[in-house]
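Novice: 3D, please:
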Amino acid sequence: MEWDIRAKQDLVKVTVHRQFKNMGQMLGLICLLAGMGLFNGGTNILVSMG
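Specialist: A predicted model of the protein is given here:
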């Protein structure tokens, strides 16, 4: 019985870890896209000013 509980806890840990990993990848992608957008916007402003 105790082993069953431990197995369930491990499963929960793995699932939570996986979800956090996916969230991290999503956040990284969003940050990357936002950074690229800011960079493009900045260069456009510099070009129009120049």
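
Novice: what segments of this protein are helices?
Specialist: Applying DSSP state H to the chain gives helices spanning 2-49.

Novice: count the residues that sit near M23.
Specialist: 10 (other CB atoms under 10 Å). C-beta: built from backbone N, CA, C; applies to glycine.

Novice: what of L29?
Specialist: With other CB under 10 Å as criterion, L29 counts 10.

Novice: ok, the one 5 residues further on next?
Specialist: The criterion is other CB under 10 Å. On that basis, A34 has 10 neighbouring residues.

Novice: M36 too?
Specialist: 10.

Novice: residues in contact with it?
Specialist: By CB atoms under 8 Å, 6 or more residues apart in numbering, the contact set of M36 is empty.

Novice: ok, it to I5 distance?
Specialist: Remark: distance between M36 and I5 (CB to CB, to the nearest Å) = 47 Å.

Novice: and if you look at L29?
Specialist: On the measure of CB to CB, L29 and I5 end up 37 Å apart.
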